[in-house]
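S.K.: how would this look folded up:
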Amino acid sequence: MAKNSPVVDYEKIAQLESFKELTKKKNAFLWTLTAVFLVAYMLLPVLTSYTDILHKKAIGDITWVWIYSAGLFIMTWGLAHLYVAKASNFDRDAKAIIDEYERSVS
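M.R.: Below you'll find the predicted structure:
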């Protein structure tokens with residue numbers, strides 16, 4: 001730890017109601033995102049192995065498996081962009097919590 005660095009009481013920060021709310025909000029978002037991602041990805045092997053829905057032709061010789069698989073790539077990029085956008089909100093909230101903590105120790 002560098003000289004003149006402020007000592008941070010992480011236990012005190014963890015007890016702040018605003019920190020608990022941020023943690024709850026962030027966890028709900030991340031678990032929802034994770035569930036959507038896993039369900040979408042796990043449906044591909046289930047639908048291709050146990051049904052013939054995705055094996056039907058969609059456009060010419062292209063089957064729905066190819067379209068669903070391409071959709072998974074698009075979904076992954078979309079979820080990544082959604083997370084980045086949402087993370088900036090979480091960062092803003094975290095900064096507000098740090099400011100709240102610093103005001104309380106001053």
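
S.K.: contacting residues for Thr48?
M.R.: Thr48 makes contact with 54-55, 65 under the criterion C-beta atoms under 8 Å, 6 or more residues apart in numbering. (Each C-beta comes from the backbone N, C-alpha and C, glycine too.)

S.K.: what about the helices in this structure?
M.R.: Residue ranges of the helices in the chain, as given by DSSP state H, are 10-15, 17-50, 64-105.

S.K.: now the second one against helix 64-105, angle please.
M.R.: In other words, helix 17-50. Helix 17-50 and helix 64-105 meet at an angle of 170 degrees, taking axes from the mean of the first three to the mean of the last three C-alpha atoms, to 10 degrees as the criterion.

S.K.: where does helix 17-50 sit relative to the chain's centre, distance-wise?
M.R.: Counting by C-alpha atoms, centre = their mean, to the nearest Å, helix 17-50 is centred 7 Å from the centre of its parent chain.

S.K.: pull out the buried residues from that helix.
M.R.: Buried residues in helix 17-50, defined by neighbour count with 16 or more other C-beta atoms under 10 Å: 19, 22, 26, 29, 47-48.

S.K.: shaky segments in this structure?
M.R.: Across the chain, the ranges flagged by pLDDT under 70 are 1-5.
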